[in-house]
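Q: Fold the stuff below for me.
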Amino acid sequence: MNPKETLNLLSVGEIRVRFAPSPTGHLHIGGARAALFNYLFAKKNKGIFVLRIEDTDKERSSPEFEKDITESLKWLGIHWDEGPKNSQDIGNYGPYRQSKRKVYEGYVEKLLEEDKAYYCFCSPEEIEAERQYLMARGRAPKYSGKCSKLNREEIQEKLKSSSNRVIRLRSPIKKIKFKDIIRQEVEFDSEIMGDMVIAKDSQTPLYNLAVVIDDYEMKISHIIRGEEHISNTPKQILIAEALNIPIPIYAHLPLVLATDRSKLSKRHGSVSVIEYQKQGYLPEALVNFLSLLGWNPGTDREIYSMNSLIKDFSLEKVQKSGAVFNVNKLDFINGFYIRQKNIDDLTQLCIPYLAGAGLIVEEEMGKYRIGDSGEETSFEFIRRVIFLHQERMKKLSEISEFADFFFKKEIEYETDLLIWKNSTREETLNSLDKIQNILSEIDSWAKEEIERKVAAAAEKIGDRGKIFWPLRTALTGKRDSAGPIEVAEIMGKEKCLKRIGQAIKKIKE
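A: Okay, the predicted model is just below:
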């Protein structure tokens, strides 16, 4: 750990961090990574991880999005020590939904009484005209401070007569410097900011004021958040200084970028966490992947469990430059975790995807039917199909594409797919006839026996492809699939012979 980081930890006492999403949308990759890094930092340092819902945007906030956020965090295994839980709060510093917190008025009144803040009565039209004027002259579009000079009588009169009112902080002209664990020393000039709006009225704080007060009252020691929030930091420092309350330690995480180093968007694969779950990614894989978006352990190691992340994580090893989101890497990591799964557990995870594709119907626990034929099948049969494809899968959702031929009465494919390279239709037909005869004579339907007989036929011809290729495509209807012998063993003798017969008919026609 960096000595500066150690010093910061020692100086603050108990480590308390927070993840404070707005329930105005689904939890996406950037938010999930911020939550994870906060969680890892807290657990590494035996601290407290707080979830606070910032739902003061009444028009855009919704219970649906709050549920999405909390369910996504639970699915990832990111469990909060304090925060909302159903209709109640866990922890001593609630409420943890910002809309239910009624603590702001006293702080706003204090700032007004000490003349550190003032009422502004300028209309939105005036503010916009002033902004356009300054920008046209290449100057920072800050507020002129017009209302800061009003006396007490003028203020009282306007409070009675004007519907336009907000509360602004008197911002001193100074250099604002703060230490960032990731970026080291950061500096802003308050002169270009002007007097910022901090509240609509004494009971309705805006984001920056509410955040400062909530972080103070919840005793947050470290604020770990995305780089996009760094412009809010000097504003929040000025507010904290005006309120004479402690300033937390900051760490701003690098942006998540697309492979072309542009800002990550939906077209690059930036979808919600729940969507990744639906696509068939495992939570342990997504956590592993998210941890490597900006954090560099200093080794070539790429596979980390949550416990090993907690042990090894350090903010000092988080990079400043943007972190590239590479879906191929995510697929690689997910494939690794799929291969580690117990086959019974993996089968249970895959069944909903087979059912969703209409390939199977679950009638009751442990009893299934084939979707298009209604034929009974078993968990054991499904398990064998999943096991056959476990090594190939990168996502759970791929199982319905890889294995659909096992659950269909008939399969559709082009006739030419049956023909091995440099072969003719006549040669392929002869090969399928040989295969049909060989398989029909096998009494003990086992992989070893099937392979021995089919391999012997291929050896006589002198080209394995002329036997194995038409067998594979006749059974699966696919160019790429699991091996034909393994497929044949699971599919069973009767269905194999039927598929080969259909292939022969296809070529003859």
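Q: Would you agree Ala199 is in contact with Val108?
A: Yes - counting by Cβ atoms under 8 Å, Ala199 does reach Val108; the two are 5.3 Å apart. From N, CA and C alone the C-beta is placed, and that goes for glycine too.
Q: SS state for Asn164?
A: At Asn164 the chain is in coil, as set by DSSP: H, G, I helix; E, B strand; the rest coil.
Q: Give me the distance between it and Glu126.
A: For Asn164, the distance to Glu126 equals 9 Å [Cβ to Cβ, to the nearest Å].
Q: Do a quick rundown of the helices in the stretch 351-500 of the chain.
A: Counting by DSSP state H, counting those that start in this stretch, the stretch 351-500 of the chain has these helices, from start to end: 379-389, 399-402, 425-440, 447-461, 464-476, 484-491, 493-508.
Q: List the buried residues for the fifth one?
A: With burial defined by 16 or more other Cβ atoms under 10 Å, the residues of helix 464-476 counted as buried are Lys466, Ile467, Phe468, Trp469, Pro470, Leu471, Arg472, Thr473, Ala474, Leu475, Thr476.
Q: Which residues are in contact with the first one?
A: Meaning Lys466. Residues in contact with Lys466 (Cβ atoms under 8 Å, 6 or more residues apart in numbering) are Trp420, Ser423, Glu427, Thr428, Ser431, Ala458.
Q: Neighbour-wise, which one of those residues leads?
A: Ranked by neighbour count (other Cβ atoms under 10 Å), these have Ser431 at the top, with 26 neighbours.
Q: Would you agree that residue is in contact with Ile467?
A: Yes - assessed by Cβ under 8 Å, Ser431 is found in contact with Ile467 at 5.5 Å.
Q: Overlap in contacts, those two.
A: Residues touching both Ser431 and Ile467 (Cβ under 8 Å, 6+ apart): Ile461.
Q: Which strand or helix spans Tyr250?
A: Following DSSP states H and E, one finds Tyr250 within strand 249-253.
Q: and that strand, how far out from the chain's middle?
A: 21 Å (Cα atoms, centre = their mean, to the nearest Å).
Q: Same check on stretch 436-444?
A: Stretch 436-444 sits 50 Å away from the centroid of its parent chain (Cα atoms, centre = their mean).
Q: got the buried residues for that stretch?
A: Buried residues in stretch 436-444, counting neighbours by 16+ other Cβ under 10 Å, are found at Gln436, Ile438, Leu439, Ile442.
Q: Let's see the distance spanning it from one end to the other.
A: 15 Å (Cα to Cα, to the nearest Å).
Q: Could you report the neighbour count for Lys177?
A: Other residues near Lys177 come to 11 when the count uses other Cβ under 10 Å.
Q: hmm, who's touching the following helix or strand past the strand holding Tyr250?
A: Counting by DSSP H and E, the next helix or strand C-terminal to strand 249-253 is strand 256-257. For strand 256-257, contacts defined as Cβ under 8 Å, 6+ apart pick out Ile29, Gly30, Arg33, Lys263, Leu264, Ser270, Leu293, Gly294, Gly322, Ala323, Val324, Phe325.
Q: List the buried residues for the helix or strand following strand 256-257?
A: Sequence order places helix 273-279 as the next helix or strand after strand 256-257, per DSSP H and E. Buried residues in helix 273-279, defined by neighbour count with 16+ other Cβ under 10 Å: Val273, Tyr276, Gln277.
Q: Also stretch 222-234?
A: His222, Ile223, Ile224, Arg225, Gly226, Glu227, Ile230, Thr233, Pro234.
Q: Could you do stretch 23-42 as well?
A: The neighbour-count check on stretch 23-42 (16+ other Cβ under 10 Å) flags 23, 26-42 as buried.
Q: Could you do stretch 95-114 as well?
A: Buried residues in stretch 95-114 (16+ other Cβ under 10 Å): Pro95, Tyr96, Arg97, Gln98, Arg101, Tyr104, Tyr107, Val108, Leu111, Leu112.
Q: my read: the last one touches Tyr118, true?
A: Pointing back at Leu112 there. Yes - counting by Cβ under 8 Å, Leu112 touches Tyr118, with 7.1 Å between them.
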